[in-house]
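Asker: 3D model of this:
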Amino acid sequence: MVAEVIDNTTSRGRTLRFLYDGDEADDEETKHLKFKKELFELGDTPLPREMIDRVVEAEDEERFQSIFAASEGAVTAPSANLHFSRELMKRMEIKGIEKAFVTLHAGLGNFREIDVEDLTKHKVDSEQINIDSEAVEIVNKAKEGRRNICAVGTTVMRAVESTVTTDGHLTEFDGWTNKFIFPPYDFHVANSMVSN
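Answerer: Numbering: from 1, shown residues only. You can find the predicted model right below:
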C-alpha cells in the first residue's frame with residue numbers, strides 16, 4: 001500500500017490517493033475489502049479531543065458511533081448525536097416528534113481551530129452530504145405547517161443550510177459543502193439546534 005499526497009486542503013490537511021495492488025488472484029471487491037481492512041488497522045478511532053483527552057481504547061470504536069450511522073465515509077467521531085439512544089428516539093416518536101435523516105460524512109475540519117481575525121477569511125474542509133427526497137418531504141412539510149425543526153449538530157445545520165432554496169425550503173442534494181456559518185446569519189430551515 002502506498003499513499004500519495006495529491007493536494008493540500010485549505011486547513012492544513014492533505015488529500016491522499018492510495019495505491020494498493022493486493023493479491024493478483026483476488027477480484028476487485030476482495031481487493032477493496034482487504035485494502036479497507038489494512039487501512040483500518042493503521043489508524044485509531046478519532047476521538048473529539050475537546051471533549052475527551054485520553055488514549056484511544058478498543059471499546060471506543062463502538063462507544064463513539066452514532067446510532068444513526070448507516071454508511072461509511074466520516075473520518076471523525078460524531079459528537080452532538082452521541083447522546084441519542086434508541087430509547088430516546090422511541091420516547092420522541094411516542095410524543096409525536098417526526099424525524100428526517102440526512103447522510104453526513106463528517107470531516108476533521110469540524111475540530112480545527114479558527115486562526116483568523118476576519119471570519120470571512122476562514123476556510124473549512126468540505127464534507128460530503130446527501131439529502132434524499134424523503135428527508136426533503138418531511139422537513140418541507142413541517143416548515144409549511146410552521147412546526148419546529150431542530151438540527152442535531154452543527155454539521156447537520158451546515159448540510160441543510162447548504163441546500164436551501166431562495167424561499168427557505170430544503171432540496172435534494174448529493175455532493176460536498178464547505179459552508180461556514182458565523183454571525184450574523186439568517187437560518188432558513190431549522191429554527192433550533194442540539195449541539196454538544
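
Asker: How are the strands of the protein distributed by residue range?
Answerer: Along the chain, counting by DSSP state E, strands occupy 2-8, 14-19, 103-105, 127-131, 150-152, 173-177, 192-194.

Asker: So what touches the second one?
Answerer: With contacts defined as C-beta atoms under 8 Å, 6 or more residues apart in numbering, strand 14-19 is touched by 1, 2, 3, 4, 5, 6, 7, 8, 9, 35, 39. C-beta: built from backbone N, CA, C; applies to glycine.

Asker: so which of those would you say is closest to residue 100?
Answerer: Checking those against residue 100 with C-beta to C-beta, the nearest one is residue 9 at 29.9 Å.

Asker: Could you pull out the buried residues of the lowest-mean-pLDDT helix or strand in the chain?
Answerer: Using mean pLDDT, DSSP states H and E, the weakest-scoring helix or strand in the chain turns out to be helix 60-63, at a mean of 74. Within helix 60-63, the residues that count as buried by 16 or more other C-beta atoms under 10 Å are residue 60.

Asker: what's the answer for stretch 185-194, then?
Answerer: Applying a neighbour-count criterion of 16+ other C-beta under 10 Å, one finds 187, 188, 189, 190 buried in stretch 185-194.

Asker: In these, find the pair that's most separated.
Answerer: Pairwise across the buried residues of stretch 185-194, and taking C-beta to C-beta, the largest span is found between 188 and 190, at 8.4 Å.

Asker: which residues do those two both contact?
Answerer: Both residue 188 and residue 190 lack any common contact, where contact means C-beta under 8 Å, 6+ apart.
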